[in-house]
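Colleague: need a 3D model of the sequence below.
(chains A and B)
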Amino acid sequence: EAGVTQFPSHSVIEKGQTVTLRCDPISGHDNLYWYRRVMGKEIKFLLHFVKESKQDESGMPNNRFLAERTGGTYSTLKVQPAELEDSGVYFCASRPRQGMNTEAFFGQGTRLTVV
Amino acid sequence: GNSVTQMEGPVTLSEEAFLTINCTYTATGYPSLFWYVQYPGEGLQLLLKATKADDKGSNKGFEATYRKETTSFHLEKGSVQVSDSAVYFCALSEDKLIFGTGTRLQVFP
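Modeller: Predicted coordinates:
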């Protein structure tokens, strides 16, 4: 069974440009999460989808970030326009169901560098 | 709000040394606690977990005990190997995960 897949693995863009990150969760997992680790700091929650609906987007930094999950399958996270402080590693995770004890499966992450 | 604090790295050890990585948490309820590991070039993997007070999670020789009285979940291993070199993240779950800053472990032969 395929795990959580993220594209691209690395992206280097100039300030002001747009970047779109993609996450393909494990098939059948309704719950999809985006997290970000900036500059060796803690991994921070960005948002949570249940199927195609945004359950919790309290961690989204500002309106330059737009996440979608059309059809409840893969998800995209667009940053437009990108700023220097957006650099970091973006992780996606999926779970078959919600709940504190349910394991989250993570992708390898996308390393975004804004120059 | 809920938070996780873990010791700063890097932690540098010789092979077969004893490992402790400290982790403490602040939570209003009774969250589940996790240790995740990121090996070089790979994604985050669940290492172990504990869902209630006094539970001990264990995997691959690593152990951590959920201590409610000290709000801690320290990671230990009796004898580390070079292959254990990675970044270790302590986390608590209130559905979404709240992570610590990560601790890099470097094990030398």
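
Colleague: use CA for all of it now, contacts and neighbours both
Modeller: Fine.

Colleague: near chain A, which residues of chain B show up?
Modeller: Residues of chain B lying close to chain A (C-alpha under 8 Å from any C-alpha of the partner chain) are B:31-32, B:41-46, B:51, B:93-102.

Colleague: these in strands, which ones?
Modeller: B:Ser32, B:Leu44, B:Gln45, B:Leu46, B:Ser93, B:Glu94, B:Lys96, B:Leu97, B:Ile98, B:Phe99 (DSSP state E).

Colleague: the first one is in contact with B:Thr51, isn't it?
Modeller: Spelled out, it's B:Ser32. Yes: contact criterion C-alpha atoms under 8 Å: B:Ser32 and B:Thr51 qualify, at 4.3 Å.

Colleague: which one's more surrounded, those two?
Modeller: The residue with more neighbours, out of B:Ser32 and B:Thr51, is B:Ser32; 21 against 18, by other C-alpha atoms under 10 Å in any protein chain shown.

Colleague: show me the contacts for that one.
Modeller: Residues counted as contacts of B:Ser32 (C-alpha atoms under 8 Å, 6 or more residues apart in numbering or on different chains) are A:Met100, A:Asn101, B:Lys49, B:Ala50, B:Thr51, B:Lys52, B:Leu92, B:Ser93, B:Glu94.

Colleague: now rank the residues you listed by neighbours and give me the top one.
Modeller: B:Leu92 (28 neighbours).

Colleague: quick check: bridge partners of it?
Modeller: According to DSSP bridges, the residues that bridge with B:Leu92 are B:Leu33, B:Ile98.
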